[in-house]
Each structure stands twice: as C-alpha cells, then as structure tokens.
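Q: Just a sequence and a predicted model for now, questions to come.
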Amino acid sequence: MCQSIDSRQENSSSVSPVTSGEPNTCSVMDTLKSILLNLGIPEESISEDTLLQRDLQLDSVEAVEIALGLKRTLGVSVKLESRRDMTLAQVCNQVEEAIAQNHTNHVTPTD
C-alpha cells in the first residue's frame, strides 16, 4: 500500500493537482485519500479494500464530490454513483484506465 498522506494535506481544503507525467497507482490512491479526508472520512477507515458505500457509508452527493475532486485534480471523469459498490482500489483502477484512455486519445502523429 502507498504511504499515508501527511497531516498538511489532511487539513488542506483543496487537493493539489498531479502535474508531472502520468500518475501512478500510489499518486492516484493518495489523491483519492486526500479527497476522502477532506470529506471528513477518518484516515484509519481508508484502505485499498474499503468499499465506498458499505464501509464508508457515502451517499450519492459524496460520490459526486469524489468524482469532481478526481476530475479537478487528475483531469479524468469517472462515474462513482452507480449501484455497484466499489473498493478504493477499483476506483483507482478506473481512474488509471481513464488516464490511459485520455493519453491514447491525445497522441498526435509526428510526421
């Protein structure tokens, strides 16, 4: 599992964007953790196998807030308000797939 977020990020009201290169699994998870911490979720409740709905009791508004935070921070759109409960690891995988898809769609020929 990735290292935990330091207390400065936990108390921050905004999440700083990932700016250099393609985010890796750790940076996506750290971003997701930061968003959850900003929503008031206790850090000890956050792990890769935590379920958004069953474990964190997130409602649809909070799911949308997480999706918007990921969009602002990482520049990708993910749908979290589905009826299927997802672990944080599954959310990270979905974000990474969206990032990879965005990079594939934005590649321009060099000739």
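A: Happy to help now that I have it.

Q: where along the chain do the helices fall?
A: 7-10, 25-38, 60-74, 88-105 (DSSP state H).

Q: now these as a markdown table including mean neighbour count, mean pLDDT and distance to residue 52?
A: Every residue, glycine included, has its C-beta placed from N, CA and C. Compiled in a markdown table, these are given as follows (neighbours: other CB atoms under 10 Å; pLDDT from 0 to 100; distance: least, CB to CB, whole Å):
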| stretch | mean neighbour count | mean pLDDT | distance to residue 52 |
| --- | --- | --- | --- |
| helix 7-10 | 12 | 36 | 19 |
| helix 25-38 | 20 | 91 | 9 |
| helix 60-74 | 17 | 93 | 7 |
| helix 88-105 | 16 | 88 | 7 |
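
Q: Identify the residues contacting the residue most central in space within the chain.
A: A centroid search over the chain (CA atoms, centre = their mean) returns residue 32, at 3.3 Å, as the residue closest to the centre. The neighbours of residue 32, taking CB atoms under 8 Å, 6 or more residues apart in numbering as the test, are 66, 70, 88, 91-92, 95.

Q: again, only using 10 Å
A: Neighbouring residues of residue 32 by CB atoms under 10 Å, 6 or more residues apart in numbering: 15, 46, 48, 66, 69-70, 73-74, 88-89, 91-92, 95.

Q: how about the residues you listed in a markdown table, adding distance to residue 39?
A: As requested, the contacts of residue 32 are arranged in a markdown table below (distance: CB to CB, whole Å):
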| residue | distance to residue 39 |
| --- | --- |
| 15 | 11 |
| 46 | 11 |
| 48 | 18 |
| 66 | 7 |
| 69 | 9 |
| 70 | 13 |
| 73 | 14 |
| 74 | 17 |
| 88 | 13 |
| 89 | 18 |
| 91 | 14 |
| 92 | 17 |
| 95 | 17 |
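
Q: Over to stretch 36-54 now: how far is its first residue from its last?
A: The first and final residues of stretch 36-54 sit 15 Å from each other (CA to CA, to the nearest Å).
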